[in-house]
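Participant: My questions are about this predicted structure, shown below with the sequence.
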Amino acid sequence: MLIQATVKTNQKKFSVEKNGDKWVISVRAAPEHNKANIEIIKELSKEYKNVRIVKGLKSSKKLIEVL
């Protein structure tokens, strides 16, 4: 399944808000040295088996593949 997500960095806690096909993901990490992307993959891997960022590694708008 492909997910279009908007990422908010430097938040107090990790959270995911689902609105149909679009998700808003809040992460604690800063958007530097790939820390926010690593946190997204780590946290979503708790719920989904395979998680991969397909597009948007350096952007707040991401296309994420989850299985």
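Facilitator: Thanks, I have the structure now. What you see is a predicted model; the values in this text were computed from it and never measured. Numbers count the residues shown, from 1 in each chain.

Participant: On the three-state scheme, residue 43 is what?
Facilitator: helix (DSSP: H, G, I helix; E, B strand; the rest coil).

Participant: can you check residue 40 too?
Facilitator: Using three-state DSSP, the structure places residue 40 in helix.

Participant: list the contacts for it?
Facilitator: By C-beta atoms under 8 Å, 6 or more residues apart in numbering, the contact set of residue 40 is 7, 25, 27, 51, 53, 62, 64. Every residue, glycine included, has its C-beta placed from N, CA and C.

Participant: Try it again at 10 Å.
Facilitator: Residues near residue 40 by C-beta atoms under 10 Å, 6 or more residues apart in numbering: 5, 7, 14, 16, 25, 27, 29, 51, 53, 62, 64.

Participant: Can you verify my assumption that residue 21 contacts residue 64?
Facilitator: No: with contact defined as C-beta atoms under 10 Å, residue 21 does not count as touching residue 64 (11.6 Å).

Participant: Looking at these two, which is more packed in?
Facilitator: Taking other C-beta atoms under 10 Å, residue 21 and residue 64 do not tie; residue 64 has more neighbours (23 against 10).

Participant: one step back: quick check: neighbours shared by residue 21 and residue 64?
Facilitator: Joint contacts of residue 21 and residue 64 (C-beta under 10 Å, 6+ apart) are 1-5.

Participant: per-residue confidence for the residue nearest in space to the middle of the chain?
Facilitator: Residue closest to the average C-alpha location in the chain (C-alpha atoms, centre = their mean): residue 40, at 4.1 Å. Looking at residue 40, its pLDDT stands at 97.

Participant: and if you look at residue 20?
Facilitator: Residue 20 is assigned a pLDDT of 84 by the prediction.
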